[in-house]
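Novice: sequence plus predicted model, see below.
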Amino acid sequence: MRGLVEQATAPLRVVKKEILVAFGVDVDAVAGWLGSYGGDDSPDDISRGMFAGEVGSMRILKLFERERIKSTWFIPGHSIETFPEQMKAVADAGHEIGIHGYSHENPIAMTPEQEEAVLDRSIELVTKLAGRRPTGYVAPWWEFSNVTNELLIKKGIKYDHSLMHNDSIPITLESAIRGQRSNIASTPTCG
């Protein structure tokens, strides 16, 4: 009994544990709203997108810096070109940069040639911004066309962060994309 009392009154040992968390930030900003209303742009949506690119992205960046969190930012090419200083600050802070279309185009609304051209332009812009070729992807509109999987493999993309099969366990795209064979991992997102 005495041993139990001594154990109960002994100082607690603090055990340091590392908790792994993955954050993905989609910087749609204005790109997500262009032509959303049958080709017309809503002034309110554009205003909200400007705030997201100029102010919101920097607030999130400061939060991650304060908490010492590294994350992946999936940035449409339009956002890279529209908010160059802000997106450079993200890359300079050491966050991974992934692709997310150019102007948030819906992959199922494009021809295979258009989709490939958008991927090529997006990869070019992210490579220039980050200084290395991207390996992560978020599907604009969370949509995959019949050729998206094939194009991602062709372009060297290693993982997708669009699908929502589970909130904590990565899957392969093979099980999710019309049975197409794939070696691309899909990390969970929450919609």
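Specialist: Looks like it arrived, so ask away.
Novice: tell me the SS of the spatially most central residue of the chain?
Specialist: What sits nearest the mean C-alpha location of the chain, by CA atoms, centre = their mean, is residue 74, with 3.4 Å. Per DSSP: H, G, I helix; E, B strand; the rest coil, the secondary structure class of residue 74 is strand.
Novice: which strand residues bridge it?
Specialist: Taking DSSP bridges as the rule, residue 74 bridges to residue 26, residue 98.
Novice: what about it, distance to residue 40?
Specialist: 26 Å (CB to CB, to the nearest Å). (C-beta placed from N, C-alpha, C; glycine too.)
Novice: likewise for residue 86?
Specialist: 26 Å.
Novice: give me the more crowded residue out of those two.
Specialist: Neighbour count, other CB atoms under 10 Å: between residue 86 and residue 40, residue 86 has more, with 21 against 7.
Novice: tell me how far the nearest residue to that one once chain neighbours are set aside lies from residue 66.
Specialist: In this structure, residue 86 finds its nearest non-sequential neighbour in residue 57, 5.1 Å apart by CB to CB, 6 or more residues apart in numbering. Using CB to CB, residue 57 is found at 15 Å from residue 66.
Novice: same drill for those two, tell me which one is more crowded.
Specialist: For residue 57 versus residue 66, neighbours defined as other CB under 10 Å are more numerous around residue 57 (22 against 8).
Novice: ok, the more buried one - contacts?
Specialist: By CB atoms under 8 Å, 6 or more residues apart in numbering, the contact set of residue 57 is 25, 27, 29, 83, 86-87, 90.
Novice: out of those residues, which is most surrounded?
Specialist: Busiest of the contacts of residue 57 [other CB under 10 Å] is residue 29, holding 27 neighbours.
Novice: going along the chain, name the strands of the chain.
Specialist: Ranges of strands in the chain, per DSSP state E, are 24-26, 72-75, 96-99, 136-137, 159-160, 171-172, 185-186.
Novice: pLDDT-wise, which helix or strand of this structure ranks last?
Specialist: helix 2-9 (a mean of 54; mean pLDDT, DSSP states H and E).
Novice: which residue packs closest to residue 145, ignoring adjacent ones?
Specialist: Nearest non-adjacent residue to residue 145 (CB to CB, 6+ apart): residue 107, at 4.2 Å.
Novice: so what's residue 161 up against?
Specialist: Contacts of residue 161 (CB under 8 Å, 6+ apart): 24, 72, 74, 98, 136-138, 186-187, 189.
Novice: what is the longest helix along the chain packed up against?
Specialist: Taking DSSP state H as the criterion, the chain has its longest helix at helix 112-130. Helix 112-130 sits against helix 77-82, helix 84-92, strand 96-99, helix 148-154, with contacts defined as 3 or more CB pairs under 8 Å, 6 or more residues apart in numbering; DSSP states H and E.
Novice: lowest-confidence stretch among those?
Specialist: Ranked by mean pLDDT, the helices and strands packed on helix 112-130 end with helix 148-154 at the bottom, a mean of 93.
Novice: CA atoms only: put it into CSV for me.
Specialist: Only the C-alpha atoms of helix 148-154 are listed here, as CSV (Å, rounded to 0.1, in the frame of the first residue of the first chain):
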residue,chain,number,x,y,z
THR,A,148,-8.2,13.7,-64.7
ASN,A,149,-6.6,10.6,-63.1
GLU,A,150,-4.6,9.8,-66.2
LEU,A,151,-3.4,13.4,-66.6
LEU,A,152,-2.3,13.6,-63.0
ILE,A,153,-0.2,10.5,-63.4
LYS,A,154,1.2,11.8,-66.6
